[in-house]
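In: Below are the sequence and a predicted model; questions follow.
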Amino acid sequence: MQITMTKRDEIARAIRAGHRALLFAHVMPDGDTIGSVLGLAWGLRQLGLVARVACADPVPAELHFLPGVDEFAPRRPSDEDLIMILDASDLSRIGDLYDQERFAAALLINIDHHVTNTHFADLTWIEPRASTAELILDLLLQLDVRLDADIATCLLTGIVTDTRCFCTANTEPATLRAAIRLMDAGASLAQITDAVFSHRSMDVIRLWGPALCRAVLSDGVLWTEISQEMLRQANATLEASNGLVNFLSTMHEARAAAVFREMGDGTVDVSLRSKPGIDVSGVAFAFGGGGHAQAAGCQVVGELAEVRERIVRALQQEVRASLEAPERIRSVIERL
Ligand code: 5GP
Ligand code: MN
C-alpha cells in the first residue's frame, strides 16, 4: 500500500530535519500573520531549532502584548536552512525583504489560508481555514510540541483577529474547537480581545470622523478614503485607519465596502470587505492583490481618485453580477 504524504507531513518532516529557520510575517501585518509566526517560532525553539522572526513593517501597537514580539525586525535571510512565509499568498507580501540569491539557498515553505495563493514556494500548504493560526496549531500538534500559554496566546490572537472574534462567515466548528484547545492550553480570550479591540487611540476617533462623513454608498458599494492630508489634519498615522473597513461593512445596504488609503509613495492601499454571496477576492486579485471571498486587498500604483474609481467600478460590477446570478437561474427554471 502506498502512503501519500500531505503537505503538512512534508513540512513537519522538513522541520524535523532543519536547524535554523527564518519566519516571515506579511507587510502591514495583522494579528494572524504575527500570531502565527510567533506561535510557530516558539514551537520550533522547543524542538531545538534556532528560529528568528522578520517583518518589513512595524508590528501594530495592539499586538505588542504578544510574547516575543520585540524580536520582529526587517531581516533578510543569512545562514538559515528553512525560510517560512506565513499568511501570505504571494512573494510581494514580504515587501522588499525578498532577495532571490539568499532565498534560493534555503527551503522555502509557505503556509497560508488565502484562496488567491500563487504557489510561489518550494513547499506550499494552503487550506481555506478561517485563519493561518489554525494550520500552525495542527502542525505543532503533529510535531508533538507541548502547547504552552505563550504559544496558545499567539495562535488564539491569530484566530480572534482574522475572524473578528468568531464573527466572520468562514468561522467553522473547527475554528471554535481550535480556540478551545488553545484556551485549555492557557490562552486568555478575555485578555486577547481586550488587547486587540479595546485600546483604540484618540487618533482613530479624529480620523474616522472625517472619513465616515465623506463615505459614499453607490450601487451597493460603500467606500471612503484616507488621504495624506486627512492624516495630517487628524495628526494620525496610517495605523489609525485599521478596522475602518470592517466598520463600513456592517452597514445594512453595503453589499461591499472599501477603504482607499493614500500611502504617500505613489501607491494606494485598498481594503475590501463584502457580505456573503459577494466575492471580492477576484477584484483584489485582478489588481495584483489577493485575500478571501469576504475580505481582500491590494496595493495599486496611481492617484487616489483614479485608483478608487477603477476599483469601485469593478466592485459595482461584481455586486451587480452576484445579485443578477440567482435572478437568471430563477428565470431559467421558470421557463422550463
Ligand atoms: P486587510 O483589508 O485587512 O488589509 O486585508 C484583508 C485580506 O486581504 C487579508 O487576508 C490580507 O492578507 C489580504 N490582503 C490585503 N492586501 C493584500 C495585498 O496587497 N496582496 C495580497 N495578496 N493579499 C492582500
Ligand atoms: Mn490570515
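Out: Nice, thanks for sending it over. Residues are numbered from 1 along each chain as shown. Ligands and ions are numbered 1, 2, ... in the order given.
In: Below-threshold pLDDT in the stretch 1-150 of the chain: ranges please.
Out: By pLDDT under 70, the low-scoring segments of the stretch 1-150 of the chain are 1-2.
In: residue ranges for the strands of it, please.
Out: With DSSP state E, counting those that start in this stretch as the criterion, the stretch 1-150 of the chain has strands at 20-24, 50-54, 82-86, 107-112, 123-126.
In: do you know which of the ones you listed lies nearest L248?
Out: strand 107-112 (25.8 Å; CB to CB). C-beta coordinates here come from the backbone N, C-alpha and C atoms, glycine included.
In: Next one: the residue of the stretch 1-150 of the chain found nearest ligand 1 from R214, what distance?
Out: Per CB to the nearest ligand atom, S89 is where the stretch 1-150 of the chain lies closest to ligand 1, at 4.3 Å. S89 sits 31 Å away from R214 when distances are taken as CB to CB, to the nearest Å.
In: quick one, which of the two is more surrounded?
Out: When neighbours are counted by other CB atoms under 10 Å, S89 and R214 differ, and S89 comes out ahead with 28 against 12.
In: Would you map the helices across the stretch 51-200 of the chain?
Out: Ranges of helices within the stretch 51-200 of the chain are 100-104, 132-142, 149-162, 173-184, 189-197, based on DSSP state H, counting those that start in this stretch.
In: Of these, flag the one that's most buried.
Out: For the helices of the stretch 51-200 of the chain, the largest average neighbour count (mean count of other CB atoms under 10 Å) is found in helix 149-162, namely a mean of 26.
In: hmm, it in reach of ligand 1?
Out: No. Helix 149-162 stays clear of ligand 1 (CB under 6 Å from any ligand atom), getting no nearer than 7.2 Å.
In: Quick one: work out the angle between that helix and helix 189-197.
Out: Computed by axes from the mean of the first three to the mean of the last three CA atoms, to 10 degrees, the angle separating helix 149-162 from helix 189-197 equals 50 degrees.
In: Show me what helix 149-162 is packed against.
Out: When contacts are defined as 3 or more CB pairs under 8 Å, 6 or more residues apart in numbering; DSSP states H and E, helix 149-162 sits against helix 31-46, helix 132-142, helix 173-184, helix 189-197.
In: Can you add distance to ligand 2 and give those helices back as JSON lines?
Out: As requested, the helices and strands packed on helix 149-162 are arranged in JSON lines below (distance: least, CB to the ion, whole Å):
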{"stretch": "helix 31-46", "distance to ligand 2": "3"}
{"stretch": "helix 132-142", "distance to ligand 2": "5"}
{"stretch": "helix 173-184", "distance to ligand 2": "12"}
{"stretch": "helix 189-197", "distance to ligand 2": "14"}
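In: now those in CSV, with distance to P77?
Out: Shown next, in CSV, are the helices and strands packed on helix 149-162 (distance: least, CB to CB, whole Å):
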stretch, distance to P77
helix 31-46, 15
helix 132-142, 20
helix 173-184, 30
helix 189-197, 30
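In: Reformat these as TSV; add distance to ligand 1.
Out: Formatted as TSV, these follow (distance: least, CB to the nearest ligand atom, whole Å):
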stretch	distance to ligand 1
helix 31-46	7
helix 132-142	9
helix 173-184	15
helix 189-197	13
